[in-house]
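Undergrad: no FASTA, just this:
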Ligand SMILES: Nc1nc2c(ncn2[C@@H]2O[C@H](COP(=O)(O)OP(=O)(O)OP(=O)(O)O)[C@@H](O)[C@H]2O)c(=O)[nH]1
């Protein structure tokens, strides 16, 4: 397995108390921990394995509700972004939308974004409508899932792995490490080209037919 020194940076954003820290720690340790101190950004590191490569991942659990700490002109430096809302907090979806606007404006084109609704174990207290969320995911062309960080590790791990895979493939595309696939047309025309390059006209045509072809060519050139 190849271990590369480069690192993927993932930003976790969202309104206060939606479960950003719980999500981060669940993904990293498989455990759910109920209470966290809030107010500061926390950075964690882990390894991500994809095919035969292992890559460092830095996850920033952001305390601020702005992607760039209120610096309006600064670009967002991230390879992937998770925006968390709580299904029992309508206001948190509104804040998620503001964050999506900021990300659209300031993140590099094609940065993968996952809009993640948390606390589905509290479905009976849902305030966020499915329709509103579906509209938003279409509008911003982002990934989406709803989970209960408290109840399930796999429900958290799967979309995070998919997000990291997309981020890694984007990175490779940018660095030109992914070869463009040749089209069927290119492959067929290359093969035909090879056949004619390897074989002379004498080898391809029976002798009598070759003689006729040569006579015709000579007639035309007279
Ligand atoms: N019911 C339920 N509660 C959850 C879930 N995930 C997190 N919580 C609770 O939600 C509260 C906030 O969780 P945090 O992870 O601290 O949320 P945060 O977004 O990091 O909060 P700030 O750092 O204050 O912005 C805590 O009381 C958690 O126990 C979940 O899936 N279900």
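TA: Here it is on my side, so go on. Values in this document were obtained by computation on a predicted structure and should not be read as measured data. Numbering: from 1, shown residues only.
Undergrad: okay, which residue is most central for this structure?
TA: In the chain, the C-alpha nearest the mean C-alpha coordinate belongs to residue 166, at 2.5 Å (CA atoms, centre = their mean).
Undergrad: give the contact list for it.
TA: Listed by CB atoms under 8 Å, 6 or more residues apart in numbering, the contact set of residue 166 reads 80, 112. C-beta coordinates here come from the backbone N, C-alpha and C atoms, glycine included.
Undergrad: helix or strand: which one has it?
TA: Per DSSP states H and E: residue 166 is located in helix 154-174.
Undergrad: buried residues in that helix, which are they?
TA: Neighbour-count burial for helix 154-174 flags 156, 159, 160, 163, 164, 166, 167, 168, 170, 171 (criterion: 16 or more other CB atoms under 10 Å).
Undergrad: nearest to the ligand among these?
TA: Nearest to the ligand among those, counting by CB to the nearest ligand atom, is residue 156 at 9.2 Å.
Undergrad: which bits of the chain sit near the ligand?
TA: For the chain, the contact set with the ligand under CB under 6 Å from any ligand atom comprises 14, 16-22, 34-36, 38, 63, 118-119, 121-122, 148-150.
Undergrad: make a ChimeraX selection of whichever of those residues turn out to be buried.
TA: In ChimeraX syntax, the buried subset of the residues of the chain next to the ligand is picked out as below (16+ other CB under 10 Å):
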select :14,18,19,20,21,22,63,118,119,148,149,150
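Undergrad: the residues of the chain next to the ligand in helices, which ones?
TA: Among the residues of the chain next to the ligand, DSSP state H puts 20, 21, 22 in helices.
Undergrad: follow-up on the earlier one: report the two of the buried residues of helix 154-174 separated the most.
TA: Largest separation among the buried residues of helix 154-174 by CB to CB: 156 and 171, giving 22.6 Å.
Undergrad: how long is stretch 32-49 end to end?
TA: Length of stretch 32-49, first residue to last, CA to CA, to the nearest Å: 23 Å.
Undergrad: in this structure residue 114 contacts residue 85, no?
TA: No - Residue 114 lies out of contact with residue 85 (CB atoms under 8 Å); the separation is 11.5 Å.
Undergrad: between these two, which one's more packed in?
TA: Shown here are residue 114 and residue 85; by other CB atoms under 10 Å, residue 85 has more neighbours (28 against 20).
Undergrad: mind checking the SS state of that one?
TA: When classified by DSSP: H, G, I helix; E, B strand; the rest coil, residue 85 comes out as strand.
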